[in-house]
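Colleague: What follows is a protein structure lacking sequence information:
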């Protein structure tokens, strides 16, 4: 197949997500006819949607595709972010000449088209208007990338332990926290590198937020002259509603993972004519233990109360003698599409002699 034809096919395929949503009456087609009867087809819901094309550098797509076709003899080629540029975030366009198949990958979802079946654009439209159902099937994908990149969202709860052994509420300490409401939130860019067999290493950077919500709403964390102070507010007109201490950290983590499925994924596919939509899910049991280190970016206390019936907020942004660096042990376990995590800080939350001897602990689910 000629390089230009491959380019045209990919440009046409770029509109697949739009085709899903269009109706027969409000759609608009722009056809650019080139020499040798080659065509570039842009299919939109309406004429105003053509402005969206300005977001994409189509000329760069064509240049990159032609350049990579010329320099590779492999069975397929990828237009991705390996040269510092991307056309759409987290999107990979693949043209596979061996079976005349092109596809677009959006995270775990893939759209595919048999390029030999879309020579006639009218047939392409009619195929999606038929009343027959999609053909569905599933299979296990055994191809494992050496390094796979994902974006993780972590949501859980956090607490702290006195001297690494007891929870503060066991001795009725003023800094006791509520597990429900003391949320731990993390955002991470994670790479999963295959070492060999079932052994992988997950590593990457991220940002996390500790939120310690105090059990007693009247307790407020304040930065004293020599140490952090947990003051109980007593006033006849004050009705405390919520009080917490929070801290933000930039983190780096490394966790060796034993994946008993060896990175294999179950793929569920829908197919209609020459078009396919696929979604992949993790398989099997996986577990691992590793470490992390972090640097504090900021911290604050928040005290919410009603004063004579009026809702008020006291927000103090100080360091509260929190340690600037954190490091600890991280455990992960997952089964099929669900993953859990647990973190334990080996160093204390507050600087030595500046607060109670507490170690932070958090656990939750990874999305």
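Modeller: That came in fine, so what should we check first? Because the structure is predicted, anything quoted here is derived from the model rather than measured.
Colleague: Quick one: the helices in the stretch 201-350 of the chain, in order.
Modeller: Counting by DSSP state H, counting those that start in this stretch, one finds no helices in the stretch 201-350 of the chain.
Colleague: ok, which stretches of it are strands?
Modeller: 219-223, 228-232, 238-259, 265-272, 275-282, 285-307, 310-316, 325-335, 338-345 (DSSP state E, counting those that start in this stretch).
Colleague: Can you tell me which of those strands is packed in deepest?
Modeller: Among the strands of the stretch 201-350 of the chain, ranked by average contacts under mean count of other CB atoms under 10 Å, first place goes to strand 219-223 (a mean of 20). C-betas here are computed from N, CA, C, even on glycine.
Colleague: ok, it: who's next to it in the sheet?
Modeller: Take DSSP bridges as the rule and strand 219-223 pairs in its sheet with strand 228-232 (antiparallel).
Colleague: And the contacts of stretch 238-248?
Modeller: Stretch 238-248 is contacted by residues 181-182, 207-214, 216-221, 233, 296-307, 311, 320, 322 when judged by CB atoms under 8 Å, 6 or more residues apart in numbering.
Colleague: coming back round to it: got the strands of the stretch 201-350 of the chain as TSV, with distance to residue 352 and mean pLDDT columns?
Modeller: Shown next, in TSV, are the strands of the stretch 201-350 of the chain (distance: least, CB to CB, whole Å; pLDDT from 0 to 100):
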stretch	distance to residue 352	mean pLDDT
strand 219-223	16	95
strand 228-232	12	95
strand 238-259	17	96
strand 265-272	47	82
strand 275-282	42	80
strand 285-307	16	96
strand 310-316	22	93
strand 325-335	13	98
strand 338-345	14	97
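Colleague: Would you tell me which of those strands gets closest to residue 167?
Modeller: Closest to residue 167 of these, according to CB to CB: strand 338-345, at 13.3 Å.
Colleague: Tell me the first helix or strand C-terminal of the closest one.
Modeller: Beyond strand 338-345 on the C-terminal side, the first helix or strand identified by DSSP states H and E is strand 358-366.
Colleague: Could you list the single helix or strand in the protein with the lowest mean pLDDT?
Modeller: Taking mean pLDDT, DSSP states H and E as the measure, the chain has helix 16-21 as its least confident helix or strand, at a mean of 37.
Colleague: before we move on, back to that, distance to residue 157 for the strands of the stretch 201-350 of the chain - can I get that in CSV?
Modeller: Shown next, in CSV, are these (distance: least, CB to CB, whole Å):
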stretch, distance to residue 157
strand 219-223, 18
strand 228-232, 20
strand 238-259, 13
strand 265-272, 30
strand 275-282, 24
strand 285-307, 18
strand 310-316, 22
strand 325-335, 16
strand 338-345, 11
